[in-house]
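Asks: Here is a sequence together with a model predicted from it:
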Amino acid sequence: MTAGGGGSGRPPAADTVSAGAGLSAASGPAPASGLSADAGPAADVGPEEGFGSSACERPRGGERCPTPEEVRAAEEERAVEQALALVGSRPPGEHRPTGRPRPEGWPHATGRPRPAETESSPPWQQSHSSETPCPESEPAGEPAGEPTANLNLSPDPMADPMADPMADPMADPMADPMADPTAVPRSSDPDPDPDRGSGVAPGQDRHEHGHRRRHGHGPAASWPEARALAARSGRSGRSGQSGSAARAIGIRAGRLPLGQALGHVLAEPLVALTDLPPFDTSAMDGWVVSGPGPWNVRAVAGAEARAGAGSNRDLGILAGRSTPATLPDGDAVRIATGARIPADANAVIRSEHARVDRATGLLHAEHQVLPGQDIRPRGQECRAGDRLMPAGALVTPAVLGLAAAAGYDTLVVVPRPRVDVLVLGDELLTGGLPHDGLIRDALGPMIGPWLRALGAEVSAPQRLGDDAAALRHAVTTSDADLVITTGGTAAGPVDHVHPVLAEIGAELLVDGVAVRPGHPMLLARLKKDEGGPYLVGLPGNPLAAVSGLLTLAEPLLRGLAGREPEAPYRAAVRDDVHGHPHDTRLVPVVHRAGSTADGRSISGYGSGGEGIGGAGTGSGAEYVVPLRYNGPAMLRGIAAADGLAVVPPGGVRSGTEVEILDLPWASAMPWTEGCFT
Ligand SMILES: Nc1nc2c(c(=O)[nH]1)N[C@H]1C(S)=C(S)[C@@H](COP(=O)(O)OP(=O)(O)OC[C@H]3O[C@@H](n4cnc5c(N)ncnc54)[C@H](O)[C@@H]3O)O[C@H]1N2
Ligand code: MOO
């Protein structure tokens, strides 16, 4: 990069010119508005206020105290309501956005769903009376995971272990029959393996049990291994080495005008092309003075003319206009915010801090004048040649602004990875109500936008039914960087993904992951020994597909796009969470601030995290609430969630910190309209 502005030869600029200038620039309504945002109308819904154990010490006539189960159920409903409000179902004033600490670094999704701009009405307004009853209408104790779980009829082997402890307040949340060493695997368990049921204590790491044979395919990778492998594949795809791998993404880095660069990733560091500010600048409207006062007021040549014909107003030095070369000692000139400071000037006096004596024509300061006050010196923010952002940073609106300020017209960026989505399944309808064994395709409308939120360029979903030839044709003719399939990953009679991959000689990099839901997910390289393209096979069950997206597609896309991995962050879970005996579980959660329902405080963040107001202090600490409706075929929990908790094999006790996966809405949704479509 060349430095357009050139160095000034001056010593490096001070961070602040004067206490007054620094303070006044930084002060303003921020603290007050920050406080009021936090103490919004929903501030009274925290457990300590509305549902704490002390909330019912003096019950009103006839009223009884809520049972602990009712307290917990009510609080969860509030958590869900707040989550719904965050995704746009409630007026903004009805919830308290609970910002949470983020790991250092940037770019970074905030994990806070924002009101999504969507043309269709939100799902909770489209519900049909035949749906599962709303939580509000459920009798206490009704199952909340897979609705059939308590009937013992569910053919879904994970129905019981996946059920959230909050589903049944009477149940011992940790009483997982599969964790009992003596338990006999149920006949419906598709994965009866000898090492199952070895009695894993909550929180005990069981990833080592991930390498097991699943039905029909190879050993499942552990969840962390699978993610790491997907990330590595993405990075190697980006820097593809040979032959047609030249199409790999890193090699296609190109230059885009600023107006088209949003959402791409910087292929080169952003290096300042100029000093910022590029010249000494007035930070205030007022007077620029030279030497000690009082000062002779000078008019700027030509300034009266600019004020309009016949005007005798002196506008002084204006932003973007010419500036007198020097200001003689003892003189003062009017100056506007952003105008260039003449050489030899000492300070700017705000207009409200000075007065002109009409009799003498002299300018008097009403406060002490400090040298350099209210002057932003050249290079205060950066010098030409300074590295402002690293390669690999996401181009956000703020980065666009910074790039423009620093002199850029174009940016060299890594293009977004291109993704084709193939939706498999003869049973899928694209409109209307389910009938005759047919169901609505929930993944076609969801996967594309989700991938766009992850920074991909996505084509319209192709619905292929259960047709092996169509699948083979679509996969072999795709020119995308990544093909995503949904459904057909298991070993049923019409599950064609594995057979087609074998036929075309693809290389299976991940064949099953020890994670629930989603364990049949897979990652393949379509051309062996080359840097891509890749295929991620998502299981057909909708939450299992989300699990595959976040486990395999997200790290792969991040690598392909040249973005750095996100620093993992952890939060404490409010409740005990069931674990699978061998596999990691991903559980939809919402973030909450405050203490637990029974008034205990739980630690907010562990290493690397800073709880708001102090972790573990009760009020102000933040934790996550596991949501119900988290069965593999359900989207109801994830739709209200703002993250997914990574629950290690064996489960965790209340207050344990677990890794949280962000949902990508917060960073990506605002751009979706203009940039990702
Ligand atoms: N014998 C075994 N059977 C199954 C196992 C197993 O281990 N052994 N694993 C189960 C798990 S877990 C999952 S997940 C599924 C994965 O199956 P597929 O990826 O082959 O998906 P499909 O069979 O095509 O569909 C599964 C389920 O999801 C529904 N589905 C599919 N696509 C969509 C869509 N676009 N929108 C909404 N719903 C969709 C489909 O109708 C099925 O109900 O395999 C289990 N079986
Ligand atoms: O239950 Mo399956 O784990 O992938 O959805």
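Replies: Looks like it came in fine. Ligands and ions are numbered 1, 2, ... in the order given.
Asks: Show the contacting residues for the closest residue to ligand 1 within the chain.
Replies: Of all residues in the chain, residue 540 sits closest to ligand 1, at 2.5 Å by C-beta to the nearest ligand atom. C-beta: built from backbone N, CA, C; applies to glycine. By C-beta atoms under 8 Å, 6 or more residues apart in numbering, the contact list for residue 540 reads 424, 425, 443, 486, 487, 488, 489, 490.
Asks: Equivalent analysis for residue 317, please.
Replies: Taking C-beta under 8 Å, 6+ apart as the test, what residue 317 contacts is 282, 288, 300, 303, 323-324, 333-336, 339-340, 342.
Asks: Residue 293 now?
Replies: Residue 293 touches 332, 362, 363, 364, 365, 369, counting by C-beta under 8 Å, 6+ apart.
Asks: Next, residue 224: secondary structure please.
Replies: helix (DSSP: H, G, I helix; E, B strand; the rest coil).
Asks: What degree of burial does it show, as a neighbour count?
Replies: Using other C-beta atoms under 10 Å, residue 224 has 19 other residues around it.
Asks: Show me what residue of the stretch 301-450 of the chain gets nearest to ligand 2.
Replies: residue 443 (12.5 Å).
Asks: Please identify the helix or strand for residue 646.
Replies: strand 643-647 (DSSP states H and E).
Asks: Can you list the residue ranges for helices in this protein?
Replies: 19-26, 30-38, 68-86, 159-162, 223-238, 303-306, 397-405, 444-453, 468-477, 497-503, 542-548, 554-560, 636-639, 665-672 (DSSP state H).
Asks: what does the stretch 351-500 of the chain put close to ligand 1?
Replies: 423, 425, 427-428, 439, 441-443, 486-490, 492, 495 (C-beta under 6 Å from any ligand atom).
Asks: let's see it at 5 Å
Replies: 425, 427, 441, 442, 443, 487, 488, 489, 490, 495 (C-beta under 5 Å from any ligand atom).
Asks: now the last one: how far from ligand 2?
Replies: Here the criterion is C-beta to the nearest ligand atom, to the nearest Å. By it, residue 495 lies 13 Å from ligand 2.
Asks: show me what contacts that residue?
Replies: 487, 488, 489.
Asks: Next to ligand 1, which bits of the stretch 501-650 of the chain? Give me the list.
Replies: 520, 539, 540, 541, 544.
Asks: Apart from its neighbours in sequence, what residue is nearest the first one?
Replies: Once flanking residues are discounted, residue 520 sits nearest to residue 489: 4.2 Å by C-beta to C-beta, 6 or more residues apart in numbering.
Asks: swap in the fourth one?
Replies: Residue nearest to residue 541 in three dimensions, not counting chain neighbours: residue 632, with 4.0 Å by C-beta to C-beta, 6+ apart.
Asks: didn't that neighbour look like it was pressed against residue 546?
Replies: No: applying C-beta atoms under 8 Å, one finds residue 632 not in contact with residue 546, separated by 9.7 Å.
Asks: So these two - more neighbours on which side?
Replies: residue 546 (27 against 24).
Asks: Could you double-check that the more buried one lies in contact with residue 638?
Replies: Yes: the criterion here is C-beta under 8 Å, and residue 546 meets it with residue 638 at 5.7 Å.
Asks: Can you report how many residues lie near the residue nearest to residue 520?
Replies: 29.
Asks: so who does it touch?
Replies: By C-beta under 8 Å, 6+ apart, the neighbours of residue 489 are 495, 497, 498, 520, 521, 522, 537, 538, 539, 540.
Asks: Turn those into JSON lines, including pLDDT.
Replies: Output for those, formatted as JSON lines (pLDDT from 0 to 100):
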{"residue": "495", "pLDDT": "96"}
{"residue": "497", "pLDDT": "98"}
{"residue": "498", "pLDDT": "97"}
{"residue": "520", "pLDDT": "97"}
{"residue": "521", "pLDDT": "98"}
{"residue": "522", "pLDDT": "98"}
{"residue": "537", "pLDDT": "98"}
{"residue": "538", "pLDDT": "98"}
{"residue": "539", "pLDDT": "98"}
{"residue": "540", "pLDDT": "97"}
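Asks: Mind checking which of those residues are in strands?
Replies: 522, 537, 538 (DSSP state E).
Asks: any weak-confidence spans in the stretch 501-650 of the chain?
Replies: Applying pLDDT under 70 to the stretch 501-650 of the chain picks out residues 594-621.
Asks: on that earlier part again, same for ligand 2: which of the residues of the stretch 501-650 of the chain next to ligand 1 are within range?
Replies: Within those, those near ligand 2 by C-beta under 5 Å from any ligand atom are 539, 541, 544.
Asks: leaving aside the residues next to it on the chain, what's closest to residue 399?
Replies: residue 389 (6.1 Å).
Asks: just to revisit the earlier point, list just the nearest of the contacts of residue 489 to residue 568.
Replies: Of all the contacts of residue 489, residue 568 sits closest to residue 521, with 19.9 Å by C-beta to C-beta.
Asks: Surely the closest one touches residue 550?
Replies: No: the pair residue 521 / residue 550 is not scored as a contact, 10.2 Å apart, by C-beta under 8 Å.
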